[in-house]
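# What follows is a protein structure lacking sequence information:
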């Protein structure tokens with residue numbers, strides 16, 4: 001019996017120390033940033049919807065940057081082929097115009113999607 005009580009006392013002491021440490025650790029955390037929609041106080045569903053909307057906008061921005069990098073890589077590959085004599089300068093210009101048009105169209109669609117979300 002005495003071993004069991006000693007074990008329980010040690011566990012209680014450890015848990016008490018952990019709870020004091022956790023309270024001190026949590027007291028220094030910054031307050032979270034509210035989503036861009038700014039829901040009313042105690043509106044948890046509005047808060048979650050706002051965070052989902054902000055996450056969707058970040059994913060859309062990531063897709064736009066990825067598209068821009070893909071178009072830039074494609075134009076650099078075409079420039080390399082022009083310098084090696086495999087393609088003409090007109091093909092490089094056409095790739096640039098088509099790439100810019102695709103990028104503008106994708107940016108337009110992402111902007112419209114941001115309004116829908």
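Arrived safely. Here the structure is a predicted model, which is why all the values come from computation and not from measurement. Residues are numbered from 1 along each chain as shown.
# In the protein, what residue spans correspond to strands?
With DSSP state E, there are no strands along the chain.
# Run through the neighbouring helices and strands of the longest helix along it.
Secondary structure assigned by DSSP state H gives helix 44-83 as the longest helix of the chain. Where contact means 3 or more Cβ pairs under 8 Å, 6 or more residues apart in numbering; DSSP states H and E, helix 44-83 is packed against helix 89-116. C-beta: built from backbone N, CA, C; applies to glycine.
# for the helix it packs on, packing partners?
Secondary-structure packing of helix 89-116 (3+ Cβ pairs under 8 Å, 6+ apart): helix 44-83.
# circling back: tell me which residues in the longest helix of the chain are buried?
Going by neighbour count (16 or more other Cβ atoms under 10 Å), the buried part of helix 44-83 is 47, 50, 51, 54, 60, 64, 67, 71, 78, 82.
# And stretch 91-100, by the same measure?
So, applying 16+ other Cβ under 10 Å, buried residues of stretch 91-100: 92, 95, 99.
# Now distance to residue 33 and pLDDT too, for those, in CSV please.
Output for the buried residues of stretch 91-100, formatted as CSV (distance: Cβ to Cβ, whole Å; pLDDT from 0 to 100):
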residue, distance to residue 33, pLDDT
92, 44, 93
95, 41, 93
99, 36, 91
